[in-house]
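[1] Here is my input; please provide its structure:
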Amino acid sequence: MNKSIGRRDQLYGGFGFRSSRANSTNIFGFVDTTDSLGIDTNVNWSHRYLHQTFVLLGYHLTRLRTDVRPEFESRLNVQETPALAATIRILQIMVRLDSPSRAGLPG
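    Got it, this is the predicted structure:
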């Protein structure tokens with residue numbers, strides 16, 4: 001955008017917008033999603049007093065938002081559920097008791 005206002009004033013600027021979405025799969029086959037959204041805006045005004053003397057006033061705004069969502073973001077965390085957490089703890093204890101190093105057997 002470029003606009004002359006009279007002989008001595010000029011107004012100019014620009015605007016940019018970007019949106020992108022991407023999915024990535026890790027080595028276990030889980031899909032993570034990444035979304036980003038950004039804007040870039042600038043506005044400038046100049047006033048010329050004499051042939052080589054002028055004033056320039058400008059404003060520049062840039063914003064970027066990135067949202068990364070792993071595959072397990074909206075799923076139930078089994079360790080936060082008391083009954084399941086107790087069962088997991090019992091299974092972990094049983095596995096430790098069955099390990100050869102705990103029983104004193106040669107490994």
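[2] Outside of stretch 22-38 itself, list whatever touches it.
    For stretch 22-38, contacts defined as C-beta atoms under 8 Å, 6 or more residues apart in numbering pick out 16-21, 62-72. (Each C-beta comes from the backbone N, C-alpha and C, glycine too.)
[3] swap that for stretch 40-57, please
    For stretch 40-57, contacts defined as C-beta under 8 Å, 6+ apart pick out 8-17, 58-62.
[4] mind running it again at 10 Å?
    Identification of contacts with stretch 40-57 by C-beta atoms under 10 Å, 6 or more residues apart in numbering yields 1-2, 5-18, 58-64.
[5] Just the contacts of stretch 22-38: which are in helices?
    Among the contacts of stretch 22-38, DSSP state H puts none in helices.
[6] Please indicate which of those are buried?
    Using 16 or more other C-beta atoms under 10 Å as the burial test, these include no buried residue.
[7] And for the residue nearest the centre of the chain, nearest residue in space, chain neighbours not counted?
    Centroid check for the chain by C-alpha atoms, centre = their mean gives T66 as the closest residue, at 2.5 Å. Residue nearest to T66 in three dimensions, not counting chain neighbours: S36, with 4.5 Å by C-beta to C-beta, 6 or more residues apart in numbering.
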